[in-house]
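1. the following block contains a protein sequence and its predicted model.
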Amino acid sequence: MSQHAADAKPASRIPHPGSPDLTRTGVDTRRSGAAERSGGRERLSDARLTLGRVRRPTQTTVGELRAAGHVHTSVRAEIRTNLLAALRDGRDPWPGIHGFDETVVPQLERALIAGHDIVLLGERGQGKTRILRTLAGLLDEWSPVIAGSEIGEHPYEPITAASRRLAADLGDELPIAWRHRDERYVEKLATPDTSVADLIGDVDPMKVAEGRALGDPETIHFGLVPRGHRGIVAVNELPDLAERIQVAMLNVMEERDIQIRGYVLRLPLDVLVVATANPEDYTNRGRIITPLKDRFGAEIRTHYPTELADEVAVIRQEAVLQAEVPDHLVEILARFTRALRESSAVDQRSGVSARFAIAGAETVAASALHRAARQGEDAAVARPVDLETAVDVLAGKIEFESGEEGREDEILDHLLRTATAETVRAHLRGVDLTLLADAIQGGVMVTTGEQVTARDVLAGLPALGESEVYDEICARLGATSDGERAAAIELALEGLYLARRISKESGGGETIYG
């Protein structure tokens, strides 16, 4: 059956697998406290994979499958049907994808509806791989395959010689197995040492040694792409593949067959090919050869989040936090990352990955837990003073312009202060801090630091009489516990310092406002 004929068929519909349940009902991606945040990526991933999972179908032969009313369809038609069903029902087909609602997602959905192979172009840390892995959620929950088939052939359409013989011999008694959609997504990180055998296949000397003739097609050991038959094949960093390896994919992309050494196997592979590429690598270190680039039906450019809320959502979703990190600290990290992306001192060709802010949040949390362990605090809560520890270890993740050599620390310090000042203005605008500033100017010194506990910070604050300024600061930032209150008031102190209303001295692991 031709590819077009397969596309014309309706999607598989039997009572058991149905279309994938992509709703996010019951999955709360918000986290509160260190215990909840420690789940991180793994918890979110597990929740998404188990959400709506239905029991494996019970049919065991092709006869039972036909009796159940199963209809074979192509992978592209299957994805199209499930995507359109999700859109009609108002369900989110892209859980965990932030900041692409008006740009990347509409282009991606149109490409999938059109049945195109897709290449995503974008700088590092823009969520390209996450998008690819989310595509598996658009496959049917369960799909039937010929039991024992090396490449997961559909029982109605065997494509290898061995499976066709078996189907002819057994008829309706042909045994079938069921593959979950997670098994129908295969991913390969392109590396310079990747071979044609890895992607397409090669002659298996063990099969030859068993007595098969060298010209027997059954002596072939299939590579990643044929094993992705009836599924999605993803290639990460496609330009890193040697050009001769990319040539080997040309037939797969257009004619949907494979060629191995002297064999020309007319295997009508049913795969959706998706790939990622970094534009910097695409134009310099490596490139996608023109014939292969032409075979991708859609080329989609990704980008970093354009809205601050999306940047914060990515950090919250991806960071595995070992302690509580208040929202205003995550916001500072998000603003800091965005300032780096806009700085002329930073090499924007390499980009500033979302992993920078994610690693920053994890480092800040680790600093808080380190302090809690050493000082015997009951709860580990990060404070603004912990941001400096993150900058110290993250500087190596940024590539600066050549003319900025020697000024790296100065640039990072300046941009972090700018991000902190913007956060203070966003949350504490309208709060009258005059009494606090006057008390400190009058001689009171407030000491904080990497190893200074929250209780010590709070105990060292100046008494402000009947003033409710501390309560107002904490209310604005949602701070209730000692750790959260210390973090909130420390942010206010930092804001006064950046406004040049009080001074600050740092050294010996301590920071003194006075």
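-> Perfect, thanks for sending it.
2. element containing residue 88, please.
-> helix 75-89 (DSSP states H and E).
3. so what's the model's average confidence on that helix?
-> Helix 75-89 shows a mean pLDDT of 96.
4. which elements pack onto that helix?
-> With contacts defined as 3 or more CB pairs under 8 Å, 6 or more residues apart in numbering; DSSP states H and E, helix 75-89 has these neighbours: helix 3-8, helix 104-114, strand 271-277. Every residue, glycine included, has its C-beta placed from N, CA and C.
5. for stretch 224-240, how far is the first residue from the last?
-> Separation of the first and last residues of stretch 224-240 by CA to CA, to the nearest Å is 17 Å.
6. offset the numbering so it begins at 34, please.
-> OK, 34 is where the count begins now, so the last one is stretch 257-273.
7. show me how far it is from its chain's centre.
-> Put simply, stretch 257-273 sits 18 Å off its chain's centre (CA atoms, centre = their mean, to the nearest Å).
8. remind me which helix or strand residue 370 belongs to.
-> Using DSSP H and E, residue 370 falls in helix 360-375.
9. what's that helix packed up against?
-> Using 3+ CB pairs under 8 Å, 6+ apart, helix 360-375 is in contact with helix 341-351, helix 387-408, helix 420-427, helix 441-461, helix 515-531.
10. what about dumping the CA coordinates of the helix or strand in which residue 96 is found to CSV?
-> Per DSSP H and E, residue 96 falls inside helix 95-100. What follows is helix 95-100, C-alpha atoms only, in CSV (Å, rounded to 0.1, in the frame of the first residue of the first chain):
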residue,chain,number,x,y,z
VAL,A,95,-4.3,-10.8,14.0
GLY,A,96,-7.7,-12.4,13.8
GLU,A,97,-8.7,-11.1,17.2
LEU,A,98,-7.4,-7.7,16.1
ARG,A,99,-9.6,-7.6,13.0
ALA,A,100,-12.6,-8.8,15.0
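11. contacting residues around it?
-> 47, 92, 177, 188-189, 200, 204-207, 209 (CB atoms under 8 Å, 6 or more residues apart in numbering).
12. which of those residues fall within strands?
-> 177, 209 (DSSP state E).
13. mind giving me a markdown table with the contacts of helix 95-100 and columns for neighbour count, pLDDT and distance to residue 425?
-> A markdown table is the format used below for the contacts of helix 95-100 (neighbours: other CB atoms under 10 Å; pLDDT from 0 to 100; distance: CB to CB, whole Å):
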| residue | neighbour count | pLDDT | distance to residue 425 |
| --- | --- | --- | --- |
| 47 | 16 | 34 | 57 |
| 92 | 19 | 93 | 59 |
| 177 | 28 | 96 | 55 |
| 188 | 25 | 95 | 59 |
| 189 | 16 | 95 | 61 |
| 200 | 18 | 93 | 64 |
| 204 | 10 | 93 | 70 |
| 205 | 13 | 94 | 68 |
| 206 | 11 | 95 | 67 |
| 207 | 20 | 95 | 63 |
| 209 | 20 | 96 | 58 |
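14. nearest to residue 147, of the contacts of helix 95-100?
-> Using CB to CB, residue 189 is the member of those that lies nearest residue 147, at 25.0 Å.
15. chain neighbours aside, what residue packs nearest to the closest one?
-> Closest residue in space to residue 189, ignoring its immediate chain neighbours: residue 105 at 4.3 Å, by CB to CB, 6 or more residues apart in numbering.
16. gap between that neighbour and residue 262?
-> 13 Å (CB to CB, to the nearest Å).
17. and the two? which has more neighbours close in?
-> residue 262 (26 against 21; other CB atoms under 10 Å).
18. now do the contacts for the residue lying closest to the more buried one once chain neighbours are set aside.
-> Leaving aside its sequence neighbours, residue 262 sits nearest to residue 184 (CB to CB, 6+ apart; 4.5 Å). Contact partners of residue 184, counting by CB under 8 Å, 6+ apart, are 192-193, 255, 259-260, 262, 300.
19. just the CA trace of stretch 513-522, in PDB.
-> The C-alpha trace of stretch 513-522 is given here as PDB (Å, rounded to 0.1, in the frame of the first residue of the first chain):
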ATOM      1  CA  THR A 513       5.600  33.600  56.500                       C
ATOM      2  CA  SER A 514       8.400  31.400  58.000                       C
ATOM      3  CA  ASP A 515      11.500  32.800  59.500                       C
ATOM      4  CA  GLY A 516      13.600  31.800  56.500                       C
ATOM      5  CA  GLU A 517      11.100  33.400  54.100                       C
ATOM      6  CA  ARG A 518      10.900  36.600  56.200                       C
ATOM      7  CA  ALA A 519      14.700  36.900  56.400                       C
ATOM      8  CA  ALA A 520      14.900  36.500  52.600                       C
ATOM      9  CA  ALA A 521      12.200  39.100  52.000                       C
ATOM     10  CA  ILE A 522      13.700  41.700  54.300                       C
END
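20. list the buried residues for that stretch?
-> 515-522 (16 or more other CB atoms under 10 Å).
21. same deal with stretch 523-543?
-> Buried residues in stretch 523-543 (16+ other CB under 10 Å): 523-531, 535.
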